[in-house]
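Trainee: Need a 3D model of the sequence below.
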Amino acid sequence: MVVLMAYPVGLIFLKSFAVNRPGQPAAWGLEGWIAAFSDDSLPAALGSTFFLAFVRIIITTVLAIFFAWVVTRTDTPGKGFIEVMLWLGFFLPLLPMTMGWILLLDPHYGLANKLLMRFFNLATAPFDIFSYWGIVWCHLAFSTSVRFLLLTPAFKAMDAALEEAAQTAGSGNLGTLLRITVPILAPAILASTALGFIKSLESFEIELVLGIPARIYVLPTKIWDFIHWEPPLYGRATALCTIFLAVIFLLIGLQRVLLHGRHYATMTGRGYGVRPVSLGPWRWLTFTLSLSFIAVMIVLPLATLLMGTFMELFGNFDLEKTWTARHWTTAFQDPLLLRSLANTLILGSGAGLLGTLLYALVSYFIVRTRLAGRGLVDLLTWLPWALPGVLISLALLWAVLGSGDLIRSIYGTVPLLILAIIIKEMPLGTQIIKAGVMQISQELEEASMASGASWMAGFCRILIPLLKPTLTAVGLIVFISAVRDIPTVIFLSTYQSRTLSLLMLDYIAGANMEKAAVLGVFLVLLILALLILSRILGLSRVAVES
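Mentor: Sure, this is the predicted structure:
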């Protein structure tokens, strides 16, 4: 765990003082720091990064609290459907969703802009997706879904007697939510806010696609820009990465200060109930608002993207011969796409299988053993959630290229991408399996050992079979994450190891939007199939229980 987690992160800070390229003899200096922080464009990039992060945090905090409250604490109709669709918003890849919004809100050919201009007789397009607010808009579905999934377990575990007492004292539903529910759930809200802020800082692909045309740079795109210069400016890139580390430690300290000395216990020795609040006729308003968000933010861009795959020219709605299926037939005849598909399936399968096995061993070590170092290992399992994907990618790049010839030879290969995904998904996988291990009585393993079985036999023949649904769900989660991930593998792949998501990014960068749209729909269909399978196997149940 130290090698996988702490070593690459420590290497990032150390290598920020290196003036040599990876793989060359070590040379140290402050040139990278001086050049990075004297860059004239850095203040604007920092301002854009934090502005976008703060705006998204404010909006998604309100939305996530609302949806978590609707699903767990009210009698709103269709709560199960709302929860499933928000799960879908979490797993859908960002690039295909962004392409759907480009088709709708591009200032030149966006369908929604054209319809509004025609209906209201406007001279210019009312919306521009290539802007600050366009970037925020494209993030709302995913960011809200992430926060919703983090808050839902806390909302479900809260004793309904606390809300009932507030209503008995004369408080309405909204007052109870704002003055009782939200303050009591402050730890979960602050934790999800900190994680959401870090996720906002690390966001890469939407900012790359929408920000670069509008000359909007954020820290991840600046780091990507430095790495892709010729020769690559690794010193500047690693120096900028230290900003992420500083912000992460600051957030951890701030959270501890805000929560210090306060009590938030809601589950005690006595029984407690989780009864939904009756909203009366207002439940149809919450249902309508929830359904409207899902329809606009998830269904609409996906439907538009699907329409875009059948356009003769992406975004051109005015051609006499607008529709064609040739993009589908030609896309899957491309050997590059077929190789990327094979890479993606190998990456997802390898990360799912090996990652799940590693997470199970680590969870067992933390929960079942009394060996020294369990606390440190448990702490290290959380570290990847505190690090941006581009930081993990760059840390592994330094770790691999700065090692011996044997380790350096895996650069640009799928096994290295598998390692990156395993590290990135360590927190989620470990926490879900830990919850499953805690639910299995240790008496079963003790009985097997009393019967003469070894530790390994008990682990493989008792614990693993009982954890099978949980392990399967975790494997599918990791598979889906590997399929959709871009930041974590962006610096580690080469032409031969491109995944479907990276290939789609290449198509967009090369203005081959028709192929990118087809690939985006294919990615969505693949993830939908896996999500349905995960739902059948109880993915949401085991995740929420964790």
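Trainee: for the stretch 1-150 of the chain, what are the low-confidence residue spans?
Mentor: Within the stretch 1-150 of the chain, the set of residues satisfying pLDDT under 70 comprises 21-24.
Trainee: let's go with 80 and repeat that
Mentor: Applying pLDDT under 80 to the stretch 1-150 of the chain flags residues 1-2, 4-13, 15-16, 18-27, 73, 150.
Trainee: the strands in it, which residues?
Mentor: Using DSSP state E, counting those that start in this stretch, the stretch 1-150 of the chain contains no strands.
Trainee: What ranges does it have for its helices?
Mentor: Shown for the stretch 1-150 of the chain, the helices assigned by DSSP state H, counting those that start in this stretch span residues 7-15, 31-37, 42-73, 79-91, 94-105, 111-120, 132-157.
Trainee: for Met311, phi and psi?
Mentor: Dihedral pair for Met311: phi -80, psi 140, per degrees, to the nearest 10.
Trainee: Am I right that it is in contact with Arg326?
Mentor: No - assessed by C-beta atoms under 8 Å, Met311 is found out of contact with Arg326, at 10.7 Å. C-beta: built from backbone N, CA, C; applies to glycine.
Trainee: Spatially nearest residue to Ile216 (excluding sequence neighbours)?
Mentor: Sequence neighbours aside, Ser48 is the residue nearest to Ile216 in space, at 5.5 Å (criterion: C-beta to C-beta, 6 or more residues apart in numbering).
Trainee: export stretch 91-107 as PDB, just CAs?
Mentor: Output of stretch 91-107 as PDB, limited to C-alpha atoms (Å, rounded to 0.1, in the frame of the first residue of the first chain):
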ATOM      1  CA  PHE A  91     -21.800   6.300 -14.400                       C
ATOM      2  CA  LEU A  92     -22.400   7.900 -17.700                       C
ATOM      3  CA  PRO A  93     -19.100   9.100 -19.400                       C
ATOM      4  CA  LEU A  94     -18.700  12.900 -19.500                       C
ATOM      5  CA  LEU A  95     -17.500  13.300 -23.100                       C
ATOM      6  CA  PRO A  96     -20.600  11.800 -24.800                       C
ATOM      7  CA  MET A  97     -22.900  13.900 -22.500                       C
ATOM      8  CA  THR A  98     -20.800  17.000 -23.500                       C
ATOM      9  CA  MET A  99     -21.200  16.200 -27.200                       C
ATOM     10  CA  GLY A 100     -24.900  16.000 -26.800                       C
ATOM     11  CA  TRP A 101     -24.900  19.500 -25.200                       C
ATOM     12  CA  ILE A 102     -22.700  20.800 -28.000                       C
ATOM     13  CA  LEU A 103     -25.300  19.700 -30.500                       C
ATOM     14  CA  LEU A 104     -27.900  21.600 -28.500                       C
ATOM     15  CA  LEU A 105     -26.100  24.700 -27.300                       C
ATOM     16  CA  ASP A 106     -23.300  25.400 -29.900                       C
ATOM     17  CA  PRO A 107     -23.700  29.100 -30.700                       C
END
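Trainee: what separates the nearest residue in space to Pro126 that is not next to it in sequence from Gly110, distance-wise?
Mentor: Among residues not flanking Pro126 along the chain, Leu116 sits closest, at 5.4 Å (C-beta to C-beta, 6+ apart). To Gly110, Leu116 is 9 Å away according to C-beta to C-beta, to the nearest Å.
Trainee: Same check on Gln442?
Mentor: Gln442 sits 59 Å away from Gly110, going by C-beta to C-beta.
Trainee: who's more crowded, those two?
Mentor: Between Gln442 and Gly110, counting by other C-beta atoms under 10 Å, Gly110 is the more crowded of the two (24 against 12).
Trainee: Surely the residue nearest to Ile216 and Arg215 touch.
Mentor: No - contact criterion C-beta under 8 Å: Ser48 and Arg215 do not qualify, at 10.0 Å.
Trainee: The two: which is more packed in?
Mentor: Ser48 (20 against 9).
Trainee: which residues sit in contact with the more buried one?
Mentor: Ser48 is in contact with 132, 211, 216-218, counting by C-beta atoms under 8 Å, 6 or more residues apart in numbering.
Trainee: now do Thr324
Mentor: 310-312.
Trainee: can you do 6 Å?
Mentor: By C-beta atoms under 6 Å, 6 or more residues apart in numbering, Thr324 lies in contact with Glu312.
Trainee: between Met311 and Arg326, which one's more packed in?
Mentor: Between Met311 and Arg326, counting by other C-beta under 10 Å, Met311 is the more crowded of the two (19 against 10).
Trainee: Can you pull out the low-pLDDT segments for the stretch 151-300 of the chain?
Mentor: Using pLDDT under 80, the stretch 151-300 of the chain drops low at 151-202, 227-235, 237-238, 241-278.
Trainee: circling back to that earlier point, hang on, isn't the residue nearest to Pro126 packed against Ala125?
Mentor: No - using C-beta atoms under 6 Å, Leu116 makes no contact with Ala125, being 7.8 Å away.
Trainee: between these two, who's got more neighbours?
Mentor: Ala125 (18 against 15).
Trainee: In the host helix or strand of Ala360, which residues are buried?
Mentor: Using DSSP states H and E, the element containing Ala360 is helix 335-368. Going by neighbour count (16 or more other C-beta atoms under 10 Å), the buried part of helix 335-368 is 337, 340-341, 343-348, 350-352, 354-356, 358-360, 362-364, 366-368.
Trainee: And for stretch 516-531?
Mentor: 516-524, 526-527, 530-531.
Trainee: Out of those residues, which sit inside helices?
Mentor: 516-524, 526-527, 530-531 (DSSP state H).
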